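*Asks:* Mind folding the following:
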Amino acid sequence: MSIQVRCQCGQLLDAPAEAAGHKVRCPVCREPVSVPEPTRRRRSGRTPSPQPDADLDHSTPPRPRRTPKQRKRRQESHTSDVPKSLPPKQAPTRSPNVFRPTEERAISVPEKRRKKKPKKPAAGSSDLGFITSLMFPFRTEAMLTICVMTFLYTCIMVPMQFLHLPMMMMSPRMIVGVLFVMMLIQGYFWHFLFEVLRMAAYNEQDLPMSAAWEPENIFYDLVIAAGATLVSFFPLIAGVFLFCFQFIADHPFIATLLIGIGLLYLPMAMIQAVSTAYIWVPAMVESATSSPLSLVIHLILAALIALPCLYLPMALMASVLHQSVRAAFPWYVIPAMVRMPWAYLETLVLVIGVAGLTVFLQFLANYIPVLGVFLVWFLVFTGNTAIMHRLGAMYYENRHALGWFPDGPRVY
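*Replies:* Prediction:
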């Protein structure tokens, strides 16, 4: 005796009488089917039962009952591909794909996640540190600009070296003329260098052939350079001011002029002092060894000169990028040094190397009168261009660690 039962897939199965009240597995869709109890019928008027479509599969054990989590997961996997526009009765169980065979469509295989490719470094980001900055001034457009500026500055600065201070004090017009020429020279010099720093800070590759000759920009960058240098060397300047206080009190007008000229000439005076170090350093060493008190005084003076020189590059970078001299104060500069110590150490190595070459060329300039001065100014422009490019590249490489501009870069 057998019991006929119809599966959900539409297949008619022929189950044995012993399976009444139990569940059997459909050989087609592999789903469990409940077998009802047999019903007795009269022999007279009994219609022959239809032939089953397939025999019952006894070789495979019944599938274990799913847990609620498995049911929910299966339901979500079936309904995730169903379009929302179709009604539930007409919605297919799987999204059709005409480009895949029917056998592959029957089994849904989860797609593998694509691995994200590592981002390539931006063009112009230097992995070699100061070596890239050293090679930067030797480009064609950079060398053209540096050579032109070196020739002009040599023709202007050589005659100004023969102007003596007593001669200037005799004529107020000469004082005004010298101040005006110094403002143009120093302002254009620092304006060009700061344009290089800004260009490198925003990862641009084109060096400006010549900075725009705008008096506002020149005077503004001159104030930035003089202000950052004044903040860096403030302890030394304050000591000199206290030492010369009696002279300032007796001659206020002359002292004011000297202070004005000194502030305008302060950045370039630092370069001149470094280039003539072969003269005053041996004299300081000889004077320091005369007595213990003199040694202590010279050590303090050396510290007041060396520490501001190490402080000045970061102060210049902060002032230029923040467009304010207030960024050169220690509460801005010292945290920036702590956040990128190794990058700033590379910059200091570059500064010390350029200073050493400047001292060597200045020593050779005594034996080559005209060509030596040209070589010194050429090295000053080339070395300072490399230093400013390194400062800008250092900011670009560590801009996230510094966090100076969270709202985006400033527009110049």
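*Asks:* Please make it C-alpha for all contacts and neighbour counts, starting now.
*Replies:* Fine.
*Asks:* tell me the SS of L299?
*Replies:* helix (DSSP: H, G, I helix; E, B strand; the rest coil).
*Asks:* quick one: it and C26, what's the gap?
*Replies:* L299 is 98 Å from C26, where distance means CA to CA, to the nearest Å.
*Asks:* between the two, who's got more neighbours?
*Replies:* Each of L299 and C26 has its neighbours counted (other CA atoms under 10 Å); C26 has more, 23 against 15.
*Asks:* Confirm for me that that one is in contact with S34.
*Replies:* No - in this structure, C26 is not within contact of S34 by CA atoms under 8 Å, at 10.2 Å.
*Asks:* residue boundaries of the strands in the chain?
*Replies:* 2-6, 12-16, 23-25, 32-34 (DSSP state E).
*Asks:* Tabulate those strands (JSON lines), appending mean pLDDT, mean neighbour count and distance to L379.
*Replies:* Shown next, in JSON lines, are these (pLDDT from 0 to 100; neighbours: other CA atoms under 10 Å; distance: least, CA to CA, whole Å):
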{"stretch": "strand 2-6", "mean pLDDT": "76", "mean neighbour count": "16", "distance to L379": "97"}
{"stretch": "strand 12-16", "mean pLDDT": "75", "mean neighbour count": "20", "distance to L379": "98"}
{"stretch": "strand 23-25", "mean pLDDT": "76", "mean neighbour count": "20", "distance to L379": "91"}
{"stretch": "strand 32-34", "mean pLDDT": "79", "mean neighbour count": "17", "distance to L379": "90"}
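*Asks:* Any chance of these in CSV with distance to P292 as columns?
*Replies:* Output for those, formatted as CSV (distance: least, CA to CA, whole Å):
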stretch, distance to P292
strand 2-6, 113
strand 12-16, 114
strand 23-25, 105
strand 32-34, 104
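*Asks:* Of those, which is nearest S291?
*Replies:* Closest to S291 of the strands of the chain, according to CA to CA: strand 32-34, at 106.7 Å.
*Asks:* Pairing partners for the closest one, with directions?
*Replies:* Take DSSP bridges as the rule and strand 32-34 pairs in its sheet with strand 23-25 (antiparallel).
*Asks:* okay, and the helix or strand of the protein with the least pLDDT?
*Replies:* One helix or strand of the chain scores below all others by mean pLDDT, DSSP states H and E: helix 102-106, with a mean of 42.
*Asks:* Model confidence score at the residue lying closest to A318 once chain neighbours are set aside, please.
*Replies:* Ranked by CA to CA, 6 or more residues apart in numbering and with sequence neighbours excluded, the top spatial neighbour of A318 is A327, at 5.5 Å. Looking at A327, its pLDDT stands at 89.
*Asks:* How many neighbouring residues does A327 have?
*Replies:* 21.
*Asks:* wait, doesn't it sit right on S319?
*Replies:* Yes - using CA under 8 Å, A327 makes contact with S319 at a distance of 5.0 Å.
*Asks:* so where's the stretch 151-300 of the chain uncertain?
*Replies:* 157-158, 160-172, 175, 178, 206-213, 247-248, 251-280, 288 (pLDDT under 70).
*Asks:* give the contact list for W377.
*Replies:* Counting by CA atoms under 8 Å, 6 or more residues apart in numbering, W377 makes contact with T150, Y153, T154.
*Asks:* Which of those residues has the largest number of neighbours?
*Replies:* T150 leads these on contacts (other CA under 10 Å) with 22 neighbours.
*Asks:* domains of this protein?
*Replies:* Per automatic domain parsing, the structural domains of the chain span 1-35, 130-402.
*Asks:* possible to save the ones you listed as JSON lines with distance to R71?
*Replies:* Shown next, in JSON lines, are these (distance: least, CA to CA, whole Å):
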{"stretch": "domain 1-35", "distance to R71": "14"}
{"stretch": "domain 130-402", "distance to R71": "48"}
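*Asks:* gap between the closest residue to I224 other than its chain neighbours and C309?
*Replies:* In space, and not counting its chain neighbours, I224 is closest to V325: 5.8 Å by CA to CA, 6+ apart. From V325 across to C309, the span is 17 Å (CA to CA).
*Asks:* And A200, by the same measure?
*Replies:* 22 Å.
*Asks:* Would you mind telling me which of the two has more residues around it?
*Replies:* A200 (25 against 18).
*Asks:* Near the nearest residue to that one once chain neighbours are set aside, how many residues? Count them for me, please.
*Replies:* For A200, ignoring the flanking residues on the chain, the nearest one in space by CA to CA, 6+ apart is G392 at 4.6 Å. Close neighbours of G392, defined as other CA under 10 Å, add up to 25.
*Asks:* what does R326 give?
*Replies:* 17.
*Asks:* can you pull the contacts of the closest residue in space to it that isn't next to it in sequence?
*Replies:* Spatial nearest neighbour of R326, excluding adjacent residues (CA to CA, 6+ apart): S319 at 7.0 Å. By CA under 8 Å, 6+ apart, the residues touching S319 are I224, A228, V325, R326, A327, A328.
*Asks:* separation between S319 and W404?
*Replies:* Note on S319: its distance to W404, by CA to CA, is 12 Å.
*Asks:* repeat for G392
*Replies:* Counting by CA to CA - G392 and W404 are separated by 14 Å.
*Asks:* re the thing from before, what distance do you get for the residue nearest to R326 to L402?
*Replies:* 14 Å.
*Asks:* where are the low-confidence patches of the stretch 1-150 of the chain?
*Replies:* For the stretch 1-150 of the chain, the ranges with pLDDT under 70 are 1, 39-70, 72-130.
*Asks:* Likewise for the stretch 301-412 of the chain?
*Replies:* Checking the stretch 301-412 of the chain against pLDDT under 70 turns up 365-366, 369-372, 406-412.
*Asks:* Identify the residues contacting M135.
*Replies:* A386.
*Asks:* brain fart, R339
*Replies:* Going by CA under 8 Å, 6+ apart, the list of residues near R339 reads A401, L402.
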